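Novice: Here is the input, now give the coordinates:
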Amino acid sequence: MYIWESHSPQRLRHVKEASCCEAYILCSEGAQYYVLRRTDFARFEETARGTYEHAAAVWLNLAERHKQQAHRAGVRHAKPSPGPIISGAGVDRVPME
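Specialist: A predicted model of the protein is given here:
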């Protein structure tokens, strides 16, 4: 379980990766990384603010769980574009199926 807090940008936000439906978005502000989710049209919540390794691992877990829940509900998603996959000490660019 993750602790979600109201998001208020501190710097220019850079989107690093987004899950299907953009349900979860891996972002950075300078050297700080975090996961965003939209709560309504203009508001967001964040979790896992910290290092890239921590935020990316949380994003990957949430994105995979979202995809599994959508699959069980019978929702079809377009194929995702290639993106970062956490592997051991770093990030590899690998094509996703």
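Novice: Only C-alpha atoms from now on, for both contacts and neighbour counts.
Specialist: Noted.
Novice: what residue ranges in the protein score low on pLDDT?
Specialist: 75-97 (pLDDT under 70).
Novice: quick one: the spatially most distant residue from the centre of it from L62, how far?
Specialist: Taking Cα atoms, centre = their mean, the residue of the chain most remote from its mean C-alpha position is G74, at 21.8 Å. Distance of G74 to L62, computed by Cα to Cα, to the nearest Å: 18 Å.
Novice: ok, now A23?
Specialist: A23 is 9 Å from L62, by Cα to Cα.
Novice: Am I right that the residue farthest from the centre of the chain falls within a strand?
Specialist: No: counting by DSSP: H, G, I helix; E, B strand; the rest coil, one finds G74 to be coil, located in no strand.
Novice: Name the SS class of R37, please.
Specialist: Once three-state DSSP is applied, R37 turns out strand.
Novice: so what does the one helix or strand E17 maps to touch, helix or strand wise?
Specialist: For E17, the element it lies in under DSSP states H and E is strand 14-18. Using 3 or more Cα pairs under 8 Å, 6 or more residues apart in numbering; DSSP states H and E, the elements in contact with strand 14-18 are strand 25-29.
Novice: what lines up beside the strand it packs on in the sheet?
Specialist: If you go by DSSP bridges, strand 25-29 pairs up with strand 14-18 (antiparallel), strand 32-38 (antiparallel).
Novice: most neighbours per residue, which of the ones you listed?
Specialist: With neighbours defined as mean count of other Cα atoms under 10 Å, the strands paired with strand 25-29 peak in mean count at strand 32-38, which reaches a mean of 22.
Novice: quick one: contacts of that strand?
Specialist: Here strand 32-38 makes contact (Cα atoms under 8 Å, 6 or more residues apart in numbering) with 7, 23-28, 44-52, 55-56, 58-59.
Novice: Separate out the buried members of these.
Specialist: By neighbour count, with 16 or more other Cα atoms under 10 Å, those hold 7, 24-28, 44-49, 52, 55-56, 58-59 as buried.
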